[in-house]
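Asker: take this sequence and fold it.
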Amino acid sequence: MYSNADGEFTVLIRELNPQDSAVYRFGAGNEKYKDTELTVQKDSCCGGITKANTHLGETATFNCNYPDEFKINSKYLINLNDQNTVRRIICTGQESQKKQKGRFSIFDDRSSKVFSVNISDVTEGDGGVYLCGVWRKETSVGYYSYFREIQLQVTGEIH
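Answerer: Coordinates of the predicted model:
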């Protein structure tokens with residue numbers, strides 16, 4: 001379980017398989033709980049862990065393929081810093097396919113069903129685990145669907 005800057009809690013279930021499909025119950029403290037049905041589908045385009053290496057000061061680039069059903073959804077990159085906090089780094093928005101935020105940029109090529117992320121002038125603090133995903137809201141529950149994990153290792157001196 002993770003927290004975020006908005007004071008919400010996030011449950012992140014990683015490395016899912018179709019047999020993990022079930023109804024899950026979520027709640028915090030004495031608050032009302034919410035039952036949520038989770039369906040896990042296997043798609044040849046996605047999944048798995050990508051290990052990326054870069055040097056200080058360089059630009060790190062990685063690509064995230066996604067299933068066709070997510071073509072119009074907003075694309076997100078999050079960081080799992082210290083394994084306790086989920087930090088949203090950058091997102092496209094439904095109308096915009098390209099966005100720049102500081103040293104981070106994202107571009108969604110909907111025809112190829114892949115979005116690319118660049119981190120310029122990489123620092124040591126940029127190393128860690130990132131997840132590529134989309135935002136969906138089909139009922140009263142909105143959720144992120146993540147389909148690629150990037151483990152970024154930053155090494156060496158500034159080039």
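Asker: what's the helix or strand for the residue of the chain positioned farthest from its centre?
Answerer: Distance from the centre of the chain peaks at Asn30, with 29.4 Å (Cα atoms, centre = their mean). In this structure, Asn30 is located outside every helix and strand according to DSSP states H and E.
Asker: could you list the low-pLDDT ranges of this structure?
Answerer: 1-10, 44-45, 82-84, 94, 139-141, 158-159 (pLDDT under 70).
Asker: cutoff 90 now
Answerer: Low-confidence segments of the chain, defined by pLDDT under 90, span residues 1-50, 66-74, 78-98, 133-149, 156-159.
Asker: strands of that one, residue ranges please.
Answerer: Defined through DSSP state E, the strands belonging to the chain, from first to last, are 2-3, 9-10, 22-26, 34-38, 49-55, 60-65, 75-81, 85-91, 98-101, 104-109, 114-119, 128-137, 142-155.
Asker: those strands: which one's closest to Leu16?
Answerer: Across the strands of the chain, the minimum distance to Leu16, taken as Cβ to Cβ, is reached by strand 34-38, at 8.0 Å. Every C-beta, even on glycine, is put in place using the N, C-alpha and C of the backbone.
Asker: wait, what's in contact with the nearest residue to Asp43 once chain neighbours are set aside?
Answerer: In space, and not counting its chain neighbours, Asp43 is closest to Pro67: 4.8 Å by Cβ to Cβ, 6 or more residues apart in numbering. Contacts here follow Cβ atoms under 8 Å, 6 or more residues apart in numbering; on that basis Pro67 touches 43, 45-46, 113, 147.
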